[in-house]
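Trainee: Attaching a predicted model along with its sequence, questions to come.
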Amino acid sequence: MTNNSLADPVTTAPAPKHRPPQPPANGGSRLGAAVRRLLPKSYLILVLIAIVIVGYYVSEDFLTVRNAENVIAAASIVAVLAVGQFFVILTGGIDLSVGSTMAMSTVIVALTLQTGMDAGLSVALTLGSCAVAGFINGMLVVWLRIPPFIATLAMMSAIKGFSYIIQSTSLIQILNTSFIDAFSRGTTLGIRNPVLIFLVVMIVAALVAKFSTFGRSLYAIGGNPEAARLSGLPVARNLLITYTLSGLLAGLAGLIAAAQLQQGSSLIGVGYELDAIAAVVVGGASLMGGKGDPISAVIGVFVLATIINIMNLVGISSEPQLVIKGAVIVIAVFLSSAGGVQRISAFFQKFGRRRAPALR
Amino acid sequence: MTLPAPGQAEQVRRIPDAPDELRLDGITKSYLGVQALKGVSFTVKRGSIHALAGQNGAGKSTLVKILSGAETPDGGEIHLGGQRVRFREPTDAQHAGIHTIYQELSLVPSLSVAENIFLGQLPKAGRTVVDWRQMQVEAREALARVGFDLDVRRPVASFSVAEQQAVELAKALHKDARVLLLDEPTSTLPQPDVEKLFTVLRSLAEQGVTLLYISHRMDELYSLCDSVTVLRDGRNTADLATADTKPSDVVTAMVGKSLEGSIADAALRGERSPRLGAGPSDEVLMSVSGLSEEGFVDDVSFELRRGEVLGISGLIGSGQSELAGLLAGARRKTAGRIRLAGRDVSLAAPRDAIRRGIGLLPQDRKAQGFIPEMGVAGNITLASLPMFSRLSIIDGAKERRVATEMVARLGMKVSSVNQPMKTLSGGTQQKGILARWLARSSQLLICDEPTRGVDVGAKEDMYELLREFARGGGTVIISSSEITEAMMCDRVLVLARGRVVAEFDHDEIDPSGATLVSRFA
């Protein structure tokens, strides 16, 4: 799967001198090269295609527009979360609070819309609150030096409690059609809005990760925080931005969820942080930081979502689904980050060598 | 460090009739298609001290891994005491009697000395209860064998590096080691402790333990070892007896060409090393007064002139590394002031120092120097990203161009500027970090042990690059515990326990460096 997308595959030998100079870049080829560099390593896409082929054979309902729409609609929420989670994991951290933040987002937007507030203002207020939640995560990590796991675990609980308190009733209906259209039902340029949202988020994130100084510094911070500090990178500032961004994107995911369910409730989003983390890791990122890319993280979301969808279609009940999902995560991570492919091939080589004398 | 030449009598300790203890026959090993060992064969006699020399990448560490059981060879045979042995994992090697003492010690810092020595086989009174008294008695005996007397109940972390090394030796001996592999054991030891270690090692050899000693330091090999096997490109290119050869023979075999006229050659022949600096100007670049960091650096004052190469020397742990960190903004001072070009500066963070043209080559490359997964180009531009970007968007073409220039200028061996930094050799990595500061147009380079873990050839390159930097008007501070390195500087401050105890001009130091060493404490 994807190693660090900034680097060539590992070469152990001192290889020949420099590469031939890059071809002269005119506009077209430069764009082509940029697109090619953005694409994650093909391995993960092959896995996704294989899953789709399996789906096609086991269920005739699988490759239908309606089903595809369902999968993508469900996946778009986790995809937005996964992008935010990716940046946090890239720095070597983790954000366990995004599920709670997402729930808070649905509650705040539902409450404000209930008061008759303008949808735009309500959305801005909601996103702002979620960004503040993320910023608090960042402050806990950067200034109080609390390990990210603990800081965001505490925030997960605190934000959840806070949403309960402001919600005060069981759930709040959302009736504002312009909000529901904007985040769930509506289409722009023929693409459904939630799909458009996650596509835009993903592409912007990929560009930022690859081509901006901010993205570069996140790879550096995750790869070696001390070297990043000694190189004068603004480590504290960029960590704060990263956690704030994760909170903001969790808020955005919450808006999509609220529009789809047409309600706000603090019960929404339970366990979503783990789905997002699983997707990022399946996408080849390392929890140690410094590796991966956002597009792979989103593909990771779709790998998991598609498998769940296929199991739904063939009628596997939800409990065995969880078991299979767990197995898929283990296999995917073993094959990618844990160097499984090399280890398996090494095993077979060794096995072959041991057998060889007996055959003679 | 260069020592006054040891007496010949000490090094000739022939044991012609001793049986072969360890014999390697055609050992090969490749990783992912790259052949690290292409057939290594040599023999070590029982009770002898045998050195293994070679540049980085010659295959030394692969060989150590194979002998310690961490890797299995693709081909070839290992014989121990005449018996063929096969190791599938490190415990196999240990059971056979081959113990390895790595550069980074493998002790558990929070456990007591006795527990560390007995780790994995605590003596029991009855079935389940640990017999603490017996353990302590035996631990003390094991330590006595290596000439140390420590409180075995105290945690390992509370002892010095030399004492920890003794614990590691005692641990191996306690497990009946026949062959001891020592991988650069002196790299972290102050000089008096090196002498003590050598005494211990010689006495172990006399007791019949066979030692395989790996080091970059020729003076050590020739004062301690009986014979040397030199590896180059995965083969043993020379097997020499130290009694009949001289250090330059080993170096020549290591690099595969004569080093005549080089700095290493000069150092080996005991000549004074050529200066790095082109001579300081009259302009004071930096003036430091009363600089302190509690517990490390104590009231240090000096003036640094533009174009000067200033050495800060002392035993490891004398505060020279911390002083370098303070001057680069990597550490916080507790007192004192630093003036740069006549103005007071706080240097509260690396950013602050970098903005003022100061660059740091940290001592621990892996932990502090580079981003392992990131490509060479990314590592080079890391400190000057604003210069390689507009509106926060990185100009990839410019980055590649500058990185390619740097790679060529510094002679870095890389396959492309995108090659991940972690796959490069130590010397190339160090050049990459130097390139980071050259790309930033730094005025003052602070080098903390600039050639540690760097092989002979790359060492020469580093000195040449620093000389070139100084010739171009740059100023350099070299913090080093290597005397030969200190002797190349225009001026040397000697530190002991964080204080400046002596200051020498280049010409005041005698060719052997004894003037310097005499002030070490």
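Mentor: Sure thing, it's come through. All values reported here derive from a predicted model rather than from experimental measurement.

Trainee: Quick check, pLDDT for the closest residue to residue A:96 other than its chain neighbours.
Mentor: Excluding the flanking residues, the one nearest residue A:96 by C-beta to C-beta, 6 or more residues apart in numbering or on different chains is residue A:152, at 4.3 Å. Yep, even glycine has a C-beta here, placed from its N, CA and C like the rest. Note on residue A:152: pLDDT of 95.

Trainee: part of a helix, is residue B:288?
Mentor: No. Looking at residue B:288 with DSSP: H, G, I helix; E, B strand; the rest coil, it is strand, so not inside a helix.

Trainee: what bridges to it?
Mentor: In this structure, residue B:288 bridges to residue B:302, residue B:338 when assessed by DSSP bridges.

Trainee: From chain A, how far out is it?
Mentor: Residue B:288 is 20 Å from chain A, where distance means C-beta to the nearest C-beta, to the nearest Å.

Trainee: Can you give me the neighbour number for that residue?
Mentor: 19 (other C-beta atoms under 10 Å in any protein chain shown).

Trainee: Which stretches in the stretch 101-250 of chain B count as helices?
Mentor: Taking DSSP state H, counting those that start in this stretch as the test, the helices found in the stretch 101-250 of chain B are B:113-117, B:132-145, B:161-174, B:191-206, B:218-224, B:247-255.

Trainee: Redo those helices as a markdown table? Include distance to residue B:125 and mean neighbour count.
Mentor: Shown next, in a markdown table, are those (distance: least, C-beta to C-beta, whole Å; neighbours: other C-beta atoms under 10 Å in any protein chain shown):
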| stretch | distance to residue B:125 | mean neighbour count |
| --- | --- | --- |
| helix B:113-117 | 14 | 26 |
| helix B:132-145 | 7 | 18 |
| helix B:161-174 | 18 | 22 |
| helix B:191-206 | 31 | 17 |
| helix B:218-224 | 41 | 22 |
| helix B:247-255 | 51 | 20 |
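
Trainee: Dump the ones you listed into CSV; add distance to residue B:233 and mean pLDDT as well.
Mentor: What follows is these, written out as CSV (distance: least, C-beta to C-beta, whole Å; pLDDT from 0 to 100):
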stretch, distance to residue B:233, mean pLDDT
helix B:113-117, 38, 88
helix B:132-145, 39, 87
helix B:161-174, 31, 84
helix B:191-206, 29, 84
helix B:218-224, 20, 82
helix B:247-255, 11, 77
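
Trainee: which residues touch the residue nearest to residue A:96?
Mentor: The contact partners of residue A:152, taken as C-beta atoms under 8 Å, 6 or more residues apart in numbering or on different chains, are A:94-97, A:137, A:140.

Trainee: List the residues that contact residue B:121.
Mentor: residue B:175.

Trainee: picking that back up, for chain A, find the nearest of the helices of the stretch 101-250 of chain B.
Mentor: With C-beta to the nearest C-beta as the criterion, chain A lies closest to helix B:247-255 of the helices of the stretch 101-250 of chain B, at 15.0 Å.

Trainee: And the pLDDT at the closest residue to chain A within chain B?
Mentor: Nearest residue of chain B to chain A: residue B:415, at 3.3 Å (C-beta to the nearest C-beta). We have a pLDDT of 85 for residue B:415.

Trainee: likewise residue B:478?
Mentor: Listed pLDDT for residue B:478 reads 93.

Trainee: elements contacting whichever strand or helix holds it?
Mentor: Using DSSP states H and E, the element containing residue B:478 is strand B:475-480. Contact partners of strand B:475-480 among helices and strands, from 3 or more C-beta pairs under 8 Å, 6 or more residues apart in numbering or on different chains; DSSP states H and E: strand B:297-305, strand B:309-313, helix B:320-327, strand B:444-448, helix B:456-471, helix B:483-486.

Trainee: Let me know the average pLDDT across the last one.
Mentor: If you average the pLDDT over helix B:483-486, you get 81.

Trainee: which other helices and strands contact that helix?
Mentor: strand B:309-313, strand B:475-480, helix B:514-517.

Trainee: follow-up on the earlier one: restricted to helices, list the contacts of residue A:152.
Mentor: Residues of the contacts of residue A:152 located in helices (DSSP state H): A:137, A:140.

Trainee: Any chance of the contacts of residue A:152 in CSV with pLDDT and neighbour count as columns?
Mentor: Shown next, in CSV, are the contacts of residue A:152 (pLDDT from 0 to 100; neighbours: other C-beta atoms under 10 Å in any protein chain shown):
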residue, pLDDT, neighbour count
A:94, 94, 21
A:95, 94, 34
A:96, 95, 23
A:97, 95, 28
A:137, 95, 32
A:140, 96, 19
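
Trainee: ok, so of the contacts of residue A:152, who is nearest chain B?
Mentor: Scanning these for proximity to chain B, where the rule is C-beta to the nearest C-beta, the winner is residue A:94, at 18.5 Å.

Trainee: what's the closest one in contact with, if anything?
Mentor: A:85, A:88, A:148-149, A:152, A:277, A:287.
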